[in-house]
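# only geometry, no sequence info:
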């Protein structure tokens with residue numbers, strides 16, 4: 001689904017504070033749009049307009065603009081001069097840079113988690129993996145879709161680092177963008193079962209307090225994800241180019 005939002009959503013005065021009702025509606029629409037973008041229902045690069053979104057979600061301009069501001073803050077949409085608003089679409093170079101950053105920072109987070117996570121927090125990681133194991137998509141080996149926040153293994157590891165700067169970078173600033181590409185290009189194909197096994201090994205190292213091993217395993221895990229994402233992204237680019245030439 002490609003929804004045709006003009007850039008006017010940001011025209012609201014910063015002094016106009018949203019009412020509680022507007023915030024509640026905006027929260028609902030934000031999560032609906034965020035999920036649609038992460039799952040690829042709103043395709044990367046697709047143009048979006050306020051009238052189109054208003055019609056689809058049955059919401060007025062005030063709550064919609066608030067939701068749009070949040071999406072832009074989370075790097076899921078971007079404003080392009082003379083084009084308007086569109087779903088973010090990274091180039092291959094930008095995508096690889098994002099995963100290079102993940103590899104460096106998440107491996108550091110795993111090291112710190114091994115040093116600082118309490119037994120209760122480690123058990124929380126086990127519980128998250130047990131929940132993932134029950135998912136039908138993972139059982140069939142088709143995908144490994146992780147819901148956001150406390151139900152996301154990587155999010156929990158970063159929280160377990162107890163490092164506020166890492167948490168701000170990986171759980172706020174870059175989280176949704178990372179999750180978008182992780183979900184669309186790394187959570188399916190032949191990767192799901194291997195990724196799940198790797199998650200268990202990382203938790204084993206964290207529980208043992210082996211910071212060096214936890215860091216190494218997370219680095220290898222993200223590196224494997226990076227390679228898989230790069231291959232799948234390249235395949236989509238080739239497919240798009242082929243379709244353009246044949247049309």
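Good, I have the coordinates. Since this is a predicted model, take the numbers as computed values, not measurements. Numbering: from 1, shown residues only.
# and this protein, what are its domains?
If you go by the TED database, the domain ranges for the chain are 25-87, 92-242.
# okay, those in JSON lines with mean pLDDT and mean neighbour count next?
In this view, the C-beta of every residue, glycine as well, is placed from N, C-alpha and C. Below are these laid out as JSON lines (pLDDT from 0 to 100; neighbours: other C-beta atoms under 10 Å):
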{"stretch": "domain 25-87", "mean pLDDT": "86", "mean neighbour count": "18"}
{"stretch": "domain 92-242", "mean pLDDT": "86", "mean neighbour count": "17"}
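# Which helix or which strand is home to the most centrally placed residue in the chain?
By C-alpha atoms, centre = their mean, the chain has its centre lying nearest to residue 179, at 1.5 Å. Taking DSSP states H and E as the definition, one finds residue 179 inside helix 175-185.
# gap between the helix or strand just after that helix and the chain center?
Heading C-terminal from helix 175-185, the first helix or strand you meet, by DSSP H and E, is helix 191-207. Its chain's average C-alpha position is 19 Å from that of helix 191-207, according to C-alpha atoms, centre = their mean, to the nearest Å.
# Tell me what angle helix 191-207 forms with helix 175-185.
140 degrees (axes from the mean of the first three to the mean of the last three C-alpha atoms, to 10 degrees).
# Can you name every helix or strand that helix 191-207 contacts?
Applying 3 or more C-beta pairs under 8 Å, 6 or more residues apart in numbering; DSSP states H and E, one finds that helix 191-207 contacts helix 92-116, helix 119-133, helix 136-139, helix 153-160, helix 211-246.
# Verify the contact between residue 182 and residue 225 for me.
Yes: between residue 182 and residue 225 there is a contact under C-beta atoms under 8 Å: 6.9 Å.
# mind listing what the closest residue to the residue nearest to the centre of the chain other than its chain neighbours touches?
Among residues not flanking residue 179 along the chain, residue 38 sits closest, at 5.8 Å (C-beta to C-beta, 6 or more residues apart in numbering). Applying C-beta atoms under 8 Å, 6 or more residues apart in numbering to residue 38 gives the contacts 76, 176, 179, 180, 183, 184.
# From residue 206, how far off is the closest residue to residue 230 other than its chain neighbours?
If the residues on either side of it in the chain are set aside, residue 230 comes closest to residue 96, at 6.3 Å by C-beta to C-beta, 6+ apart. With distances taken as C-beta to C-beta, to the nearest Å, residue 96 is found 27 Å from residue 206.
# How about residue 69?
Where residue 206 is concerned, residue 69 sits at a distance of 36 Å (C-beta to C-beta).
# Could you do residue 215 as well?
From residue 215 over to residue 206 (counting by C-beta to C-beta), the distance is 10 Å.
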